[in-house]
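Undergrad: Need coordinates for the below:
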Amino acid sequence: MPPPPPAPSSDTYLTDEDIDDLRARGRRRSYSRGGILVLEGSDPEDVLLLEKGRVKVSYETADGREVLLAVRGAGSMLGELSAIDGEPRVATVTAIDDVDAVSVSVAAFRDFLRSHPDAAMALLRTLSRRLRESDRKRVEFAAWDTVGRVARLLLELAKEHGEQLEDGSVRIGLPLSQQELAAWTASSREAVNKALRALRARGWVTTHRRAIVILDPRALGRRAG
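TA: As a prediction, this is how the structure comes out:
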């Protein structure tokens with residue numbers, strides 16, 4: 001059986017009342033697809049609460065390679081770690097769709113946490129879960145081949161961003177390139193291309209320009225280990 005998938009991208013654990021209060025402290029901003037919400041290495045100026053759309057979180061290695069860390073959706077918070085410790089941003093956040101967000105200044109965010117201790121605990125819970133996810137992925141990279149890593153990634157994306165179709169298949173409507181899939185699975189583009197070809201040959205997935213469809217989730221789960 002495959003491991004349990006990560007929790008949905010709406011991952012702040014904040015109550016509706018806390019979210020409303022946080023919104024009231026910020027201002028609304030919009031970003032077009034491909035726009036940069038957060039730039040790696042920049043000083044922290046605000047925290048973003050995603051209202052609509054999806055973003056990818058990535059960083060660049062010393063040799064210029066992109067490493068894709070996550071895709072976040074509506075309800076997710078971005079930049080809270082840098083807002084707390086004052087250190088530069090550790091990743092770049094890019095809009096996959098047109099995105100609406102609420103921007104809360106670092107000072108207003110810190111004041112919010114001081115006046116909402118339960119929200120501060122919720123934030124610690126979010127950061128703890130993300131750390132566990134990071135540790136799990138490091139184990140996966142060491143333990144599975146490229147086909148296995150791609151299979152596991154597709155299952156995660158299906159859980160978080162998939163659309164269940166009438167025939168039992170699942171459509172992942174994220175416009176991710178093979179290069180981005182490679183960045184996410186610590187593989188080369190050629191290796192990901194070969195892995196997808198192997199999965200297609202088994203009749204488990206089909207690939208399209210802006211989507212991947214999982215035809216046989218159970219078989220994919222078995223291959224994912």
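Undergrad: Leu176 falls within a helix, correct?
TA: No - counting by DSSP: H, G, I helix; E, B strand; the rest coil, one finds Leu176 to be coil, located in no helix.
Undergrad: Check which helices and strands the helix or strand of the chain with the lowest mean pLDDT sits against.
TA: Within the chain, judged by mean pLDDT, DSSP states H and E, the helix or strand with the poorest mean is helix 117-143; its value is a mean of 78. Under the contact criterion of 3 or more CB pairs under 8 Å, 6 or more residues apart in numbering; DSSP states H and E, helix 117-143 touches helix 16-24, helix 80-85, helix 106-115, helix 146-161. All C-beta atoms are positioned from the backbone trio N, CA, C, and that covers glycine.
Undergrad: rerun at 10 Å
TA: helix 16-24, strand 66-72, strand 77-78, helix 80-85, helix 106-115, helix 146-161 (3 or more CB pairs under 10 Å, 6 or more residues apart in numbering; DSSP states H and E).
Undergrad: residue nearest the centroid of the chain?
TA: Centroid check for the chain by CA atoms, centre = their mean gives Val71 as the closest residue, at 2.1 Å.
Undergrad: That residue pairs with what?
TA: Here Val71 sits in beta bridges with Lys56, going by DSSP bridges.
Undergrad: Gly173 reaches His208, doesn't it?
TA: Yes - in this structure Gly173 lies within contact range of His208 using CB atoms under 10 Å: 9.5 Å.
Undergrad: For those two, work out which one has more neighbours and name it.
TA: Neighbour totals were compared for Gly173 and His208, and Gly173 leads with 15 against 10 (other CB atoms under 10 Å).
Undergrad: Look up phi and psi at the nearest residue to that one once chain neighbours are set aside.
TA: Nearest residue to Gly173, sequence neighbours excluded (CB to CB, 6 or more residues apart in numbering): Ala211, at 5.0 Å. Main-chain torsions, Ala211, degrees, to the nearest 10: phi -160, psi 160.
Undergrad: how about low-confidence regions in the chain?
TA: Residues of the chain meeting the criterion pLDDT under 70: 1-12, 137-143.
Undergrad: farthest residue from the center of it?
TA: Of all residues in the chain (CA atoms, centre = their mean), Ser115 lies farthest out, 28.8 Å.
Undergrad: any idea how far Leu81 is from that one?
TA: 20 Å (CB to CB, to the nearest Å).
Undergrad: repeat for Ser103
TA: Going from Ser103 to Leu81 by CB to CB gives 16 Å.
Undergrad: the domain parsing of this protein - what is it?
TA: Taking automatic domain parsing as the domain assignment, the ranges for the chain are 16-139, 145-223.
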